[in-house]
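Colleague: Quick one: sequence plus predicted model below, questions after.
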Amino acid sequence: MQRLLRLLTLPIILGLLDSCGRPYAPNPPTTGDTYRPVYAAYSDVRSIQTLGPQPIKNAGKIYRKDDYLFINDRGSGIHILDNRIPEKPVKLAFIAILGNQELAIKDSILYADNITDLVALNIANPLNVRLVKRIENAFEYSAFPLATNVRFECADRSRGVVVRWEKIAVENPQCYR
């Protein structure tokens with residue numbers, strides 16, 4: 001019995017070691033979606049404005065605070081709606097925050113991301129939103145599109161900050177995700 005165990009030990013160990021190869025990674029597609037970054041200057045990105053009501057284009061997270069709804073429009077800002085009559089919410093304003101994906105509210109302060117920055121806005125008066133504080137470079141710079149298994153033109157930080165990715169034909173893109 002011990003002899004059989006000794007004879008089987010080596011093949012079992014070799015089999016286990018052989019299974020520890022490279023993880024499977026699919027080859028990048030040669031055709032299909034290709035993305036190119038759209039750049040803006042940091043000074044333009046860091047401008048936050050309160051505008052009149054806007055159409056909701058890419059609804060994200062919804063936050064309710066007192067009689068108001070705050071609806072994230074992914075990539076562009078936050079809509080403020082009067083929700084005193086829940087069956088008929090009324091659009092009041094739009095806070096233009098380029099690159100915004102997330103929001104949170106504590107007391108009368110709305111926290112939001114602004115590409116790489118964290119901003120705190122006073123929303124005590126939703127029609128007159130004021131910037132309270134900005135923490136620059138609080139978040140990682142996203143140098144690739146959200147889509148996966150796609151080729152894209154590599155981002156170049158010297159050209160500004162990437163505000164969005166557009167789907168187009170790029171000849172021989174060098175990056176893949």
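Modeller: Nice, thanks for sending it over.
Colleague: element containing R3?
Modeller: If you go by DSSP states H and E, R3 is part of helix 2-18.
Colleague: So for that helix, mean pLDDT?
Modeller: What helix 2-18 shows for mean pLDDT is 70.
Colleague: and if you look at stretch 164-177?
Modeller: Across stretch 164-177, pLDDT averages out at 83.
Colleague: Buried residues, that stretch. List them.
Modeller: Buried residues in stretch 164-177, counted by 16 or more other C-beta atoms under 10 Å: 165, 173, 175. Placement of C-beta: from N, CA and C, glycine included.
Colleague: quick one on the thing from earlier: skip ahead from the helix holding R3 and say which helix or strand is next.
Modeller: Per DSSP H and E, helix 2-18 leads on to strand 34-40 as the next helix or strand towards the C-terminus.
Colleague: Tell me the gap between that following strand and the middle of its chain.
Modeller: Once both centres are worked out by C-alpha atoms, centre = their mean, to the nearest Å, strand 34-40 turns out to sit 14 Å from its chain's centre.
Colleague: Only the buried residues of that strand, if you could.
Modeller: For strand 34-40, a neighbour-count test (16+ other C-beta under 10 Å) marks 34-37, 39-40 as buried.
Colleague: D113: how many residues sit nearby?
Modeller: Neighbouring residues of D113 were enumerated by other C-beta atoms under 10 Å; the total is 18.
Colleague: Distance of it relative to I123?
Modeller: Using C-beta to C-beta, to the nearest Å, D113 is found at 16 Å from I123.
Colleague: residues contacting the spatially most central residue of the chain?
Modeller: If you average the C-alpha coordinates of the chain and look for the closest C-alpha using C-alpha atoms, centre = their mean, you land on Q101, 5.4 Å from that point. Under the criterion of C-beta atoms under 8 Å, 6 or more residues apart in numbering, the contact list for Q101 reads 60, 72, 74-75, 113.
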